[in-house]
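Asker: could you look at this predicted model? Sequence included:
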Amino acid sequence: MNCRAKKITIDIERWFQESARVFPWRESCTPWGRLVCEFMAQQTQIERVASRWPLMMDRFPTPESLAVSDMEDILELWQGLGYYRRAKHLKQTSEMIIDVFGGEVPCEVESLLQLPGVGRYTAGAVASIAFNKRASIVDANVHRVVCRIENKNDVSVPCNWSWEQATELVLSCTFPNVFNEALMELGATVCTPKSPSCDWCPISDKCNAFAENTQNEVLQAKSSLSRKRLHHYAVVLTCKGRRAFEKRDDHGLWAGMWQVPTLESSKKLPKAQIAEGLHLKGNLTFAGSFEHTLTHRIINFTVYTCEVGLDNRFAWHTSDTLDSMPLSSAQRKVLAVHCAV
DNA sequence: AATACGTGGTA
DNA sequence: TTACCAAGTAT
C-alpha cells in the first residue's frame, strides 16, 4: 500500500466531511437516482444538474417509470440541458435494466458498462458512489487534481495515466463512495483550472505542483478546433394564432427535438431560395437574426415570419400547447425573436 | 484518432 | 467580444 496515497485520501475524505456542498442527491438517493444524476452530469456543470435532478426524479422515480414513458416526455424534461442523445441513452438504459437486469441498477462496473450511454466514468461513479465498490473514476476534475499532485503540466498527459493515479487512490481510501465524490469536489471548488485556492487545499503539503509553484501553469491547452459556420433559416409560419412545428431527425444535432420549419445551409441563401427550399408559397418577412454557438459550430440563425394556410406537413401549436413540446435553447431564441416583432 | 454532440456562466 | 470550461460517450 502506497503510504503517500493513503495520506492523501485521508485528508481529502476529512476535508469533504466538513466542506461538501449541499446537493439534493446528497440527502438521499437510490442507485437509479445516482445513475440519472451521472447521465445529467456528463459534460455538464454539476450546479446546473442540481436544479433539474429533483424534477427528473419526481417524474421518473424508477427505471420502470422511465422505460414505459415516451421519448417526448423525457426530452421535455431534458430541454435546455444539451447533449440530447443522453436522454435517449437514458431511456435505452432503463429498458435494459428492466429486460436484462431484473429491474435493478447493476452494481458492478462490468455490468454497468453494458448500458447505453454509460462509459468508464459513469460506470465507476455508480459502482463506487451508489454501491461503495472500490472503482476508480476520472472526470475533468480528477484529471486536473492528479496532474497537479504529480506536477504534470504538459498537455499530453494521457488519460490512462490519470486512471492509474485514480485507481491507486481509491484502493488506498477509506470509503470509496465518499472519496470519489470528494476528489471531484476538490477539483471543482478548490483545485480549479484557473487560480486554484491552494491556501485552503487539504493536500497542498503533498502537492508537487504547489511545491514547485507551477499550479497556475496552463494544464490543458486544448487545441481550439475551428468551428464550422452554418446558416439556419427558421420560418415562423402562422395561421389563425397557431405556429407550425416539425420534429427533427432522431440522429444528429438536437435529435428528436421540435423546431419551426428550418432550412439548413453551409452558405448564405437569398430569401427566395429559402421559401423555395421549404416549399412555401407566402411572402417571407424578416424578423431578426442571432448567432448560436455550439462546441463545434457557429450557427447563424435568420428568422422569418409568414402567414399561411394550414399545412398538414406541420404540427400547429398555440402558445398554450407549446410547453408540452421539447425545444432546444436555440429554438427558444427563435421564438423570442418572433415575439419581439 | 478525430469528431459530433449543447448550453450558459465566467474572465 | 472572444475564449474557456464542464461529474463524457459513441462512432
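Answerer: Ah, there it is.

Asker: pull the number of nearby residues for the residue of chain A found nearest DNA strand C.
Answerer: Relative to DNA strand C, the nearest point of chain A is A:Gly119 (2.5 Å; Cβ to the nearest atom of the strand). For the C-beta atoms, the positions are set from N, CA and C on the backbone; glycine is no exception. Here the number of neighbours of A:Gly119 (other Cβ atoms under 10 Å) works out to 11.

Asker: surely it is in contact with A:Leu113?
Answerer: Yes: under the criterion of Cβ atoms under 8 Å, A:Gly119 makes contact with A:Leu113 at 7.4 Å.

Asker: can you give me the helices in the stretch 1-150 of chain A?
Answerer: For the stretch 1-150 of chain A, applying DSSP state H, counting those that start in this stretch gives helices covering A:3-19, A:31-41, A:46-59, A:63-67, A:71-78, A:85-100, A:109-112, A:120-125, A:131, A:140-149.

Asker: could those helices go into TSV alongside mean neighbour count and mean pLDDT?
Answerer: Output for the helices of the stretch 1-150 of chain A, formatted as TSV (neighbours: other Cβ atoms under 10 Å; pLDDT from 0 to 100):
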stretch	mean neighbour count	mean pLDDT
helix A:3-19	16	97
helix A:31-41	23	98
helix A:46-59	15	97
helix A:63-67	19	98
helix A:71-78	19	98
helix A:85-100	19	98
helix A:109-112	18	98
helix A:120-125	23	98
helix A:131	18	98
helix A:140-149	22	97
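
Asker: which stretches of chain A have low pLDDT?
Answerer: A:1, A:218-225 (pLDDT under 70).

Asker: how about a cut-off of 90?
Answerer: Within chain A, the ranges that satisfy pLDDT under 90 run A:1-2, A:153-158, A:216-226, A:281-282, A:310, A:319-324, A:339-341.

Asker: residue numbers of it in contact with DNA strand B?
Answerer: A:43-45, A:48, A:80-85, A:194, A:225, A:228, A:252-255, A:292-297, A:328-330 (Cβ under 7 Å from any atom of the strand).

Asker: residues of chain A that sit close to DNA strand C?
Answerer: So far as Cβ under 7 Å from any atom of the strand goes, chain A lies against DNA strand C at A:23, A:37-38, A:41-46, A:83, A:89, A:116-123, A:125, A:139-141, A:144, A:181, A:184-185, A:187-188, A:193-194, A:218-220, A:222, A:224, A:295.
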